[in-house]
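Undergrad: Give me coordinates for this.
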Amino acid sequence: MEKIDFLIIGAGIVGIATALKLKEAFPSKEIIVLEKNSGCFLEASRYNSGVVHSGIHQQADLLKSKLARRGAPMLVNFCEKENVLHRKCGMIIAVSGKDLFWLRGDVKSLWLLYRNSRQQRISLEILTSRGIKKLEPSISAAFGIYLPDIWVIDQMSLGKKMFEKALKEGVRFIFNAGISSIERERNLYKLTVDTIFHDTIFHTVRIYAADLVVNSAGVKADEVAAMAGFTGYRIFPYRGEYYEVIGPKKNLIKSTLVYPALRPGSPIKGVHFTKTVDGRLLIGPNASSWTKKEDDFSIQTPADEFLKAVRKFLPDLEIDDLRWAYSGLRAKINKGVGEEDFIIVRESQNPTFVNLIGIESPGFTAAFAIGEYVAEMIERPER
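TA: This next block holds a predicted model:
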């Protein structure tokens, strides 16, 4: 059995950001990150849009909104300092005049987003059709709002730099490490770890004991929590897929993100256009309930569902212009109805167990702020 100070479960963006913030707050403490995969950023942290969100889509008073607003500049600052591939792109939230049946609802949603932005002091501009054309000449829309302070990041470049930074700061990583049990013993938690290769478990058991355990296990965070005796959580995985525009039409969008108008608190942000750092044009994600905690890239929603969602904004697109790109799982704590907040809870003290449950969008944006929040929670037990 190896005794350490802090142990983090999960080497996604939130897990590594928490390791970095804990190391910053407690430089003398030994920190280990356990990850069941063979490397960092191999699940939700990789398979997303890479967008640094403003918080406009979340209800203003939620913890996730506050952490997104705090985390966005922290994430961008990290990218600038560590030479992570990123680009300031801005975001258009557009209302199409093509579908008159939905026009009234879209206008109301845009108004609610505008009002929400005022509450959160988010900078934006109101755009006419002509204003949208100046930014993105190929986009067909009646009007919309424009958020200038939006970035897009290359996820794997970010993961590599965060991993290297953590190693430099003295954080240790144990990969192919599946948690098989968690026991509380007086003033520590004891974790039993199996070795996993290509979904096969080899019972070369290792045992770690820690004063602090942070559960950042994504879609499996409820299962990890239950191992430690905290059984009141349930995660409902939702799957989001992305298509890519191929051929010359990928240049129909120059650089700006284009989103449909969905009211604040919607469980999804809608199928939208993302121009990535390397020039790809992605469409997605959709959202569908998923019964498993693992993804399956062989299951692909037909392209016409995506084409129907975005063709009102980009009428020149055809079905042959689309190619399935990838999918990812979101750790929702409800069945896709309404919006739930992040659950960040210190469950016990001496030893300490912290659960991070339901860290879905905007978790990518909020990651460093989540890590900071956890560190402050440990520094100030009365919080």
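Undergrad: now the helices for the stretch 251-383 of the chain?
TA: Taking DSSP state H, counting those that start in this stretch as the criterion, the stretch 251-383 of the chain carries its helices at 303-310, 363-379.
Undergrad: what's the distance between the shortest one and the middle of its chain?
TA: Between the mean C-alpha point of helix 303-310 and the mean C-alpha point of its chain there is a distance of 23 Å (Cα atoms, centre = their mean, to the nearest Å).
Undergrad: List the buried residues of that helix.
TA: Neighbour counts over helix 303-310 (16 or more other Cβ atoms under 10 Å) mark 303, 306-307, 309-310 as buried. Glycine gets a C-beta too; all of them are placed from N, C-alpha and C.
Undergrad: same for that helix, what does it pack against?
TA: Judged by 3 or more Cβ pairs under 8 Å, 6 or more residues apart in numbering; DSSP states H and E, helix 303-310 is in contact with strand 236-245, strand 281-284, strand 322-332.
Undergrad: what's the model's confidence in stretch 328-339, averaged?
TA: Per-residue pLDDT values across stretch 328-339 average out to 86.
Undergrad: residues in contact with that stretch?
TA: The contact list for stretch 328-339, computed with Cβ atoms under 8 Å, 6 or more residues apart in numbering, reads 43-44, 46-48, 58-59, 62, 218-219, 221, 233-240, 265-268, 285, 287, 289-290, 293, 295, 340, 343, 357-361.
Undergrad: one more time with 6 Å
TA: 44, 47-48, 218-219, 235-240, 265, 267, 295, 340, 358, 360 (Cβ atoms under 6 Å, 6 or more residues apart in numbering).
Undergrad: out of those, which are buried?
TA: Applying 16+ other Cβ under 10 Å to these flags 44, 47-48, 218-219, 235-240, 267, 295, 340, 358, 360 as buried.
Undergrad: Which stretches in the stretch 151-300 of the chain count as strands?
TA: 151-153, 172-174, 177-185, 188-197, 200-215, 236-245, 257-260, 272-275, 281-284, 288-289 (DSSP state E, counting those that start in this stretch).
Undergrad: Let's have these in a markdown table, adding mean pLDDT and distance to Ile139.
TA: Formatted as a markdown table, the strands of the stretch 151-300 of the chain follow (pLDDT from 0 to 100; distance: least, Cβ to Cβ, whole Å):
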| stretch | mean pLDDT | distance to Ile139 |
| --- | --- | --- |
| strand 151-153 | 98 | 17 |
| strand 172-174 | 97 | 43 |
| strand 177-185 | 93 | 46 |
| strand 188-197 | 89 | 45 |
| strand 200-215 | 85 | 42 |
| strand 236-245 | 96 | 13 |
| strand 257-260 | 95 | 6 |
| strand 272-275 | 96 | 8 |
| strand 281-284 | 96 | 12 |
| strand 288-289 | 92 | 27 |
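Undergrad: So which of the ones you listed is nearest Thr365?
TA: strand 151-153 (9.3 Å; Cβ to Cβ).
Undergrad: Closest to Lys29 out of the buried residues of helix 303-310?
TA: Checking these one by one against Lys29 (Cβ to Cβ), the nearest turns out to be Phe306, at 46.4 Å.
Undergrad: got the contact list for the closest one?
TA: 243, 271, 283.
Undergrad: With Thr365 instead?
TA: Thr365 touches 52-53, 68, 71-72, counting by Cβ under 6 Å, 6+ apart.
Undergrad: What about the residue lying closest to Glu80 once chain neighbours are set aside, how many residues nearby?
TA: Leaving aside its chain neighbours, Glu80 sits nearest to His86 (7.7 Å; criterion: Cβ to Cβ, 6 or more residues apart in numbering). His86 has 20 neighbouring residues, counting by other Cβ atoms under 10 Å.
Undergrad: Please verify my assumption that His86 contacts Ile153.
TA: Yes - in this structure, His86 is within contact of Ile153 by Cβ atoms under 6 Å, at 4.4 Å.
Undergrad: before we move on, the earlier item: out of the strands of the stretch 151-300 of the chain, which is closest to Leu113?
TA: Of all the strands of the stretch 151-300 of the chain, strand 257-260 comes closest under Cβ to Cβ, at 9.6 Å.
Undergrad: Dump that closest one to CSV, restricted to CA.
TA: The C-alpha trace of strand 257-260 is given here as CSV (Å, rounded to 0.1, in the frame of the first residue of the first chain):
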residue,chain,number,x,y,z
LEU,A,257,-19.2,30.1,-34.3
VAL,A,258,-22.9,30.1,-35.4
TYR,A,259,-25.5,28.8,-32.9
PRO,A,260,-29.3,28.7,-33.0
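Undergrad: how far out from the middle of the chain is the helix-or-strand element of the chain with minimal mean pLDDT?
TA: Within the chain, judged by mean pLDDT, DSSP states H and E, the helix or strand with the poorest mean is helix 100-119; its value is a mean of 80. Chain-centre distance of helix 100-119: 24 Å, with Cα atoms, centre = their mean.
Undergrad: buried set for that helix?
TA: Those would be 106, 109-110, 112-114, 116-117, for helix 100-119 by 16+ other Cβ under 10 Å.
Undergrad: Show me the shaky parts of the protein.
TA: Residue ranges of the chain with pLDDT under 70: 99-103, 198-203, 267, 336, 381-383.
Undergrad: ok, now with 90
TA: Applying pLDDT under 90 to the chain picks out residues 1, 54-61, 96-123, 186-187, 194-206, 261-270, 334-339, 348-350, 379-383.
Undergrad: Ramachandran coordinates for the most far-flung residue of it relative to its centre?
TA: What lies farthest from the middle of the chain is Arg186; by Cα atoms, centre = their mean that is 35.1 Å. Backbone torsions of Arg186, given as degrees, to the nearest 10, read phi 50, psi -100.
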